[in-house]
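**Q** this one's sequence-less:
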């Protein structure tokens, strides 16, 4: 069965509309990049898709400061997964083998001896390719 050009364009348009409708406004509002930091660079994280690892830094100077990252697959409703533990004024690299077919949310967090602070989440494709 052959479709006319008009039918093909209509079909592609409807398919695009359905795919666009699957992304919620909340998901669309999350910035797409491979790094995030909290405040004025107190703590931060960069995702490196070529190697599947997070580089976490903690620039806080408190003796009880600890930094880490939390991640979650986009579209999966479960708890945030924690990676790393970086002491004050240091950084570290943590490998995490994630599904190359997915996108992740991740954020940088730190504990200052009393409260936990986390950055806003960002999203990035695990494989590194643009969406």
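**A** Yep, that arrived. Everything numeric in this text was worked out from a predicted model, so none of it was measured.
**Q** and the next element down the chain from the helix or strand that contains residue 68?
**A** Using DSSP states H and E, the element containing residue 68 is strand 66-73. For strand 66-73, the following helix or strand on the C-terminal side (DSSP H and E) is strand 81-87.
**Q** Buried residues in that following strand, which are they?
**A** The neighbour-count check on strand 81-87 (16 or more other CB atoms under 10 Å) flags 83-84, 86 as buried. Heads up, the C-betas are built off the backbone N, CA and C, glycines and all.
**Q** next one: stretch 34-52
**A** Going by neighbour count (16+ other CB under 10 Å), the buried part of stretch 34-52 is 34, 36-38, 42-47, 49, 52.
**Q** sorry, back to before: helices or strands next to the strand holding residue 68 in the packing?
**A** strand 53-58, strand 81-87, strand 103-111 (3 or more CB pairs under 8 Å, 6 or more residues apart in numbering; DSSP states H and E).
**Q** and whatever helix or strand comes next after the longest one, what's its mean pLDDT?
**A** Following the chain from strand 103-111 toward its C-terminal end, the next helix or strand by DSSP H and E is strand 116-118. For strand 116-118, the mean per-residue pLDDT is 95.
**Q** What helices and strands are in contact with strand 116-118?
**A** Packing partners of strand 116-118 (3+ CB pairs under 8 Å, 6+ apart): strand 103-111.
**Q** And the strand it packs on, what does it pack against?
**A** Judged by 3+ CB pairs under 8 Å, 6+ apart, strand 103-111 is in contact with strand 35-38, strand 43-48, strand 53-58, strand 66-73, strand 116-118, strand 122-125.
**Q** Now find how far off-centre that strand is within its chain.
**A** Relative to the chain's own centre, strand 103-111 is displaced by 7 Å; criterion: CA atoms, centre = their mean, to the nearest Å.
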